[in-house]
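Participant: Need the 3D shape of this:
(one chain, ligands or ions: 2)
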Amino acid sequence: MQSENIANNWAFPICNLKLPTPTRRVLAISSELPISNCQLIKSVVISEEEARRQILNKVNPLDKREVTLAGALDCFAAEDYFARLPLPAFDNSAMDGYAVVAGSCKKGGRLRVIGEQPAGPDRKLRVGDGEAVRIFTGATLPQGADAIVMQEDVTRHGTEIEVNADIDIGDFVRRRGCDLAEGQMILRKGERIGAPTVALLASQGFADVIVGGRATAALISTGDELVKPGEELQPGEIYDSNSALLNALLLRSGASATTVEHCRDDRQSLGDAIKRGIRNHVLVISGGVSVGERDLVKEALCELGVKIEIWRVAVKPGKPFLFGNIGKCFVFGLPGNPVSAFVTFLQFVRPAILRMMGATNLDLPRVPAKLALGLTNDGDRPHYIRGRLEHEKFTPTGRQESHALFGLSQANALLRVAVGQSLKADEIVNVQIWD
Ligand code: AMP
Ligand code: MG
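Facilitator: Numbering: from 1, shown residues only. Ligands and ions are numbered 1, 2, ... in the order given. As a prediction, this is how the structure comes out:
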C-alpha cells in the first residue's frame, strides 16, 4: 500500500492548517505572554518528553496507607511482600481418587481401602503396600502414599478397588512448595494489585495491605456552549462529553473524582470552581486553555496563585496543554477538543496520578502491531494516531482530527508518529493501549 501523509487523512480529509515555515517557527519560540494581574506565563512550546519529565519531577508519591484486602484492588503495593507459606502448604491430592504406593499398584491388581481423607484436618493416615486411602482434591497426602489413582481409573468392589491404569510415582500429587516457596517475593513495591494478586495475598493470610495513597481529583469542564447530557440543547450548544470522558479516565487511573462541575467562560465562576478544585491532589480542567479571548483558565489560575509550570507542548493533538501547581494540588489544563483531552490525559495526567499512588510503571502498555497502511508525519509535532488493534494489526479509525470523537470511540490503541517519521504498510510498530 502507498505511504500516505497523515496530515492528509487516508480515509477522510484532515483540516491541517499549513503555516509557512517562518511563521510556524515564530510561534514555536515566542517566549513570554503577558497576562494581566499575574506573573508572566512562559509560553515556550516544550517537547512531550520534557513536559513529562517536568511533571514527574514535581509530583511525589502520597503517604502510604493500610487497606483491607478487598480495598486493595487496583492499588499499588507500598512495600515488598514475601510468601509466609509455601504453596501448596503441604503435599496433597490433585484429584478425587485413592492415595496409593505406586510400586504396589499393577494395572488389573486390587488394593484394600483402609480409610478416607477428605480436604480439611489431616487424619494422619498411613498407606502401605497393597492398600489405598479414599482421598479428595486438596486433601493431605497420607503418609507412605506417593501417587493418586484417580477415581475414573478404578472399579470399586466393596472395601477394595481394582486399578485400571498404570500408576507412576507422583501421579496427581501436588508437592509442598511446588508453586511458591516460603520467603519468595510475591508482590513488589510499586506493582499494581490485580485480582490474582489479591487472591495470592489472601492465600498467604494477609487481611490488610500497605498501599500507596489515594489521589483525589476534581474535574471542571469549561465552556458557554456546553450542556449537561439529558438537558435540552439550544442551537449552537453541544453536550459536555469531556466530563464523562475525563471522569472515566480518572477512575481508570485509580483516582476518585470528588467533584465534576461545569463552569461558564467567566472569570468569577471559573475562579470559584478552581478554589474548590484545588483542595484535591489533582484538578483537571477541560477547555479554556488555548489562545482565544474566551480561554480564561490561565488567568484565573494565575490570579489564585497557581504556578503555571508548563503551557503548550509539542504534541498533536493537545498543544495547549497546561500544568501548574499550588500547595499539594497539581493542576492539569487540557484542551477542550475531546481527542486532545484524551491524548493529553493519557500522556501527562495518568502518569502523574500513578506516581502519586505509588506506582513504578507509569507507562501505558505497549504492544507490537502490524501497520495496516503507510503513514508519514510531515508536521512539526509528534502525532498520536487513534486506531484499532485487532489480530495484531493496527488500523487508524475515522478522522484524525482533535474533535473527532467517533473515530476515537472506535479506537483501542494509539500510535505515536514522530516528526518526520515515515512508516510503511505492514511495518511492525509499537502501539499504546489503555483499556
Ligand atoms: P476550547 O479548548 O475551550 O477552546 O474548546 C475547543 C473545542 O472543544 C471547542 O469546539 C469546544 O466546543 C470543544 N469542547 C470544549 N469543552 C468540551 C466538552 N466538555 N465536551 C465536548 N466538547 C468540548
Ligand atoms: Mg472553551
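
Participant: how about the strands of the stretch 251-400 of the chain, start to end?
Facilitator: In the stretch 251-400 of the chain, strands defined by DSSP state E, counting those that start in this stretch lie at 256-263, 282-286, 307-311, 313-314, 322-326, 329-334, 366-371, 374-376, 383-390, 393-396, listed in chain order.

Participant: Tell me how many other residues surround Thr68.
Facilitator: By other Cβ atoms under 10 Å, 10 other residues sit near Thr68. For every residue, glycine as well, the C-beta is placed using N, CA and C.

Participant: what bridges to it?
Facilitator: Beta bridges link Thr68 to Asp208, judged by DSSP bridges.

Participant: Go ahead and confirm it touches Asp208.
Facilitator: Yes: between Thr68 and Asp208 a contact is recorded at 5.8 Å, counting by Cβ atoms under 8 Å.

Participant: Show the pLDDT at the residue of the stretch 201-350 of the chain found nearest ligand 1.
Facilitator: Ligand 1 sits closest to Gly336 of the stretch 201-350 of the chain, with a gap of 2.5 Å, by Cβ to the nearest ligand atom. pLDDT, Gly336: 97.

Participant: try Asp266
Facilitator: For Asp266, the pLDDT comes out at 93.

Participant: Quick check: chain neighbours aside, which residue is closest to it?
Facilitator: Leaving aside its sequence neighbours, Asp266 sits nearest to Leu296 (Cβ to Cβ, 6 or more residues apart in numbering; 7.4 Å).

Participant: again, but for Leu73
Facilitator: Computed as Cβ to Cβ, 6+ apart, the closest residue to Leu73 that is not its neighbour in sequence is Val198, at 5.8 Å.

Participant: Which secondary structure state does the nearest residue to Thr140 once chain neighbours are set aside sit in?
Facilitator: Beyond its immediate neighbours in the sequence, the residue positioned closest to Thr140 (Cβ to Cβ, 6+ apart) is Asp122, lying 4.3 Å away. Following DSSP: H, G, I helix; E, B strand; the rest coil, Asp122 is assigned to coil.

Participant: What pLDDT does the model give Arg294?
Facilitator: Reading off the model, Arg294 has pLDDT 88.

Participant: tally of neighbours for the closest residue to it other than its chain neighbours?
Facilitator: Among residues not flanking Arg294 along the chain, Asp265 sits closest, at 4.8 Å (Cβ to Cβ, 6+ apart). Residues lying near Asp265 (other Cβ under 10 Å) number 19.

Participant: Over to Pro61?
Facilitator: Pro61 - counted by other Cβ under 10 Å - has 17 other residues nearby.

Participant: can you tell me which residues contact it?
Facilitator: Going by Cβ atoms under 8 Å, 6 or more residues apart in numbering, Pro61 touches Gly212, Gly213, Arg355, Met356, Met357, Gly358.

Participant: Test my guess that the third one contacts Asn57.
Facilitator: No: using Cβ under 8 Å, Arg355 is not in contact with Asn57, being 10.0 Å away.

Participant: wait, doesn't Val100 sit right on Gly144?
Facilitator: No: applying Cβ under 8 Å, one finds Val100 not in contact with Gly144, separated by 9.3 Å.

Participant: got the residues of the chain near ligand 2?
Facilitator: Gly223, Gly287, Gly288, Gly336 (Cβ under 5 Å from the ion).

Participant: was I right about the first one contacting Asp240?
Facilitator: Yes: look at Gly223 against Asp240 with Cβ under 8 Å: they come within range, at 7.5 Å.

Participant: what do the two both touch?
Facilitator: Contact criterion Cβ under 8 Å, 6+ apart; residues shared by Gly223 and Asp240: His262.
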